[in-house]
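A.B. asks: this one's sequence-less:
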Ligand SMILES: Nc1nc2c(ncn2[C@@H]2O[C@H](COP(=O)(O)OP(=O)(O)OP(=O)(O)O)[C@@H](O)[C@H]2O)c(=O)[nH]1
Ligand SMILES: [Mg+2]
């Protein structure tokens, strides 16, 4: 079965623009993926409920607000309490200080991509780390 | 089947997974759909179509919120028939419905075109049945109205809502063939813009040529400001009552079922005919012989039909 990888792309947090999320959405689309674009200012609860309904393989979050240490682990926790974390790869991109990356990984964010990472790196990461 | 049991108990994840199976043409899906069929038919299915960007998703969001106040559970299938058949796509209808994400009485699913073997219309119908058996009261199918395949998708609905915008004059002319006829209720969205009244008149004039007992109401709305949405919902619900009272509901559903049976049969015949690479190769070999006048296409096609009708799954 040749099914496309389904990815939810969204932007949690309150800060204003979604340029980063759009860039990654387009790159993933061009790589043949089916992107469910949810827009900005989403709460972790909204992201997780959308991910469940859309039955996505990947949740890719773009974040700029500095609230990553709070919001991203929250998404993972909710995915776990909904019993879908085992099937969904969670990655994020955005301005994230180097020292926070190991903490985020520890908390279940599989991949963290800082600005300037070629999109191909993200694409390859997704393909190699899908959970199903 | 465990997933089906969970679906019938109202398990969101089971519903989501079953729709994925439909989308992927999972071999188990036909048995599953036939198992749940007897639990379907209760939901009111509303097709929402209209030109790109006319406000279909925004309006669906507002209609859903109203229905939620009436304590109805709502499903939304947002179909993007313009996404390419192969390759990736971006499905963005959810952007307009963010607040609905966390409402346990709402289920939203986005569907792209991709390689749906049985066609997008069949995949959509499968998803509708899953959400129906899951226990939703209303199911919206949103799809952009530009061509025949989209018409096929919304035609499967009990009620079709056409979402137009002011100043579509020429567009109305262009799309009226085939598309105007399927609207049961018309919304002129973005009525905050100039020209809404003129567009209403133009649509009314075209509707004057329609036959049938139901005169489609034409309602002005401003979806972003939630204006006119209540009246619009009343029109939609009035259409439903009309369908039930006149027996047209069952008539309409029979017509849809007729098409569905034929589509499914055609799909399964095609699968038998060209389901494998081997089958496709065989036809290519015949084709070459036909082109070289060593065989004729009439005999060959007859033989193929005979062969596949005797072939078991
Ligand atoms: N002025 C005005 N703009 C509106 C109204 N309703 C929706 N819009 C805007 O129109 C744009 C498109 O709205 P959508 O709801 O995404 O339209 P759509 O028909 O679902 O679009 P597609 O699914 O892409 O075909 C958005 O920017 C909305 O904010 C309205 O009543 N008035
Ligand atoms: Mg839309």
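C.D. replies: On my side now, so go ahead. This is a predicted model, so every value here is computed, not measured. Numbering: from 1, shown residues only, chains lettered A, B, ... in the order given. Ligands and ions are numbered 1, 2, ... in the order given.
A.B. asks: Smallest gap between chain A and ligand 2, at which residue?
C.D. replies: Nearest residue of chain A to ligand 2: residue A:37, at 11.4 Å (CB to the ion). Where C-beta positions appear, they are placed from N, C-alpha and C, glycine not excepted.
A.B. asks: what sits up against the helix or strand encompassing residue B:281?
C.D. replies: Under the criterion DSSP states H and E, the helix or strand holding residue B:281 is helix B:277-291. Helix B:277-291 is contacted from outside by B:273-274, B:295-297, B:300, B:304, using CB atoms under 8 Å, 6 or more residues apart in numbering or on different chains.
A.B. asks: Most widely separated two among those residues?
C.D. replies: Greatest spacing in those, by CB to CB: B:274 and B:296 (20.2 Å).
A.B. asks: Compare the two (neighbour count), which wins?
C.D. replies: In this comparison of residue B:274 against residue B:296, neighbours counted by other CB atoms under 10 Å in any protein chain shown, the higher total goes to residue B:274 at 16 against 10.
A.B. asks: Looking at chain A, which helix is longest?
C.D. replies: When every helix of chain A is counted residue by residue (DSSP state H), the longest turns out to be helix A:68-81.
A.B. asks: Quickly check: the helix or strand containing residue B:249 near chain A or not.
C.D. replies: Mapping residue B:249 onto the secondary structure by DSSP H and E places it in helix B:248-274. No. Contact check for helix B:248-274 against chain A, using CB under 8 Å from any CB of the partner chain: none in range, with a minimum separation of 13.8 Å.
A.B. asks: Which neighbouring elements make contact with that helix?
C.D. replies: helix B:120-134, helix B:229-246, helix B:277-291, helix B:297-309 (3 or more CB pairs under 8 Å, 6 or more residues apart in numbering or on different chains; DSSP states H and E).
A.B. asks: what's in contact with the last one?
C.D. replies: So that's helix B:297-309. Residues from elsewhere that reach helix B:297-309 (CB under 8 Å, 6+ apart): B:269, B:272-273, B:283, B:286, B:290.
A.B. asks: Are any of those buried, and if so which?
C.D. replies: With neighbours counted by 16 or more other CB atoms under 10 Å in any protein chain shown, the contacts of helix B:297-309 contain buried members at B:272-273, B:286, B:290.
A.B. asks: Could you report the pLDDT at residue B:1?
C.D. replies: According to the prediction, residue B:1 has pLDDT 67.
A.B. asks: and what of residue A:17?
C.D. replies: Residue A:17 carries a pLDDT score of 75 in this model.
A.B. asks: Name the SS class of the nearest residue to it once chain neighbours are set aside, please.
C.D. replies: Counting by CB to CB, 6 or more residues apart in numbering or on different chains, residue A:17 lies nearest to residue A:40, which is 7.5 Å off, once chain neighbours are set aside. Local secondary structure at residue A:40 is given as strand here, using DSSP: H, G, I helix; E, B strand; the rest coil.
A.B. asks: Just send the buried ones among the contacts of helix B:297-309 back as JSON lines, with pLDDT and distance to ligand 1 too.
C.D. replies: What follows is these, written out as JSON lines (pLDDT from 0 to 100; distance: CB to the nearest ligand atom, whole Å):
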{"residue": "B:272", "pLDDT": "87", "distance to ligand 1": "36"}
{"residue": "B:273", "pLDDT": "88", "distance to ligand 1": "35"}
{"residue": "B:286", "pLDDT": "94", "distance to ligand 1": "43"}
{"residue": "B:290", "pLDDT": "96", "distance to ligand 1": "44"}
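A.B. asks: Out of those, flag the one nearest to residue B:44.
C.D. replies: Of all the buried ones among the contacts of helix B:297-309, the one with the least separation from residue B:44 (CB to CB) is residue B:272, at 36.0 Å.
A.B. asks: Nearest spatial neighbour of the closest one, chain-adjacent residues omitted?
C.D. replies: Ranked by CB to CB, 6+ apart and with sequence neighbours excluded, the top spatial neighbour of residue B:272 is residue B:308, at 4.2 Å.
A.B. asks: tally of neighbours for that neighbour?
C.D. replies: Using other CB under 10 Å, residue B:308 has 17 other residues around it.
A.B. asks: what do you get for residue B:151?
C.D. replies: Residue B:151: 21 neighbours (other CB under 10 Å).
A.B. asks: gap between it and ligand 2?
C.D. replies: Residue B:151 is 17 Å from ligand 2, where distance means CB to the ion, to the nearest Å.
A.B. asks: Start from the N-terminal end of chain A and give the strands.
C.D. replies: Counting by DSSP state E, one finds strands in chain A at the ranges A:6-12, A:34-42, A:58-63, A:89-94, A:111-113.
A.B. asks: Now mean pLDDT too, for these, in a markdown table please.
C.D. replies: Output for the strands of chain A, formatted as a markdown table (pLDDT from 0 to 100):
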| stretch | mean pLDDT |
| --- | --- |
| strand A:6-12 | 94 |
| strand A:34-42 | 92 |
| strand A:58-63 | 94 |
| strand A:89-94 | 94 |
| strand A:111-113 | 94 |
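A.B. asks: give me every residue that touches the one residue in chain A that gets nearest to ligand 1.
C.D. replies: Shortest chain A-to-ligand 1 distance, computed as CB to the nearest ligand atom: residue-wise this is residue A:39, at 10.4 Å. Under the criterion of CB under 8 Å, 6+ apart, the neighbours of residue A:39 are A:10-11, A:18, B:92, B:94-95, B:98.
A.B. asks: residue ranges with poor pLDDT in the chain?
C.D. replies: Chain wasn't specified; assuming chain A. Segments of chain A classed as low confidence (criterion: pLDDT under 70) are A:1-2, A:65.
A.B. asks: You answered for a different chain; I wanted chain B.
C.D. replies: Scanning chain B residue by residue, the ranges that satisfy pLDDT under 70 are B:1, B:85-86, B:115-118, B:146-149, B:168-179, B:311-313.
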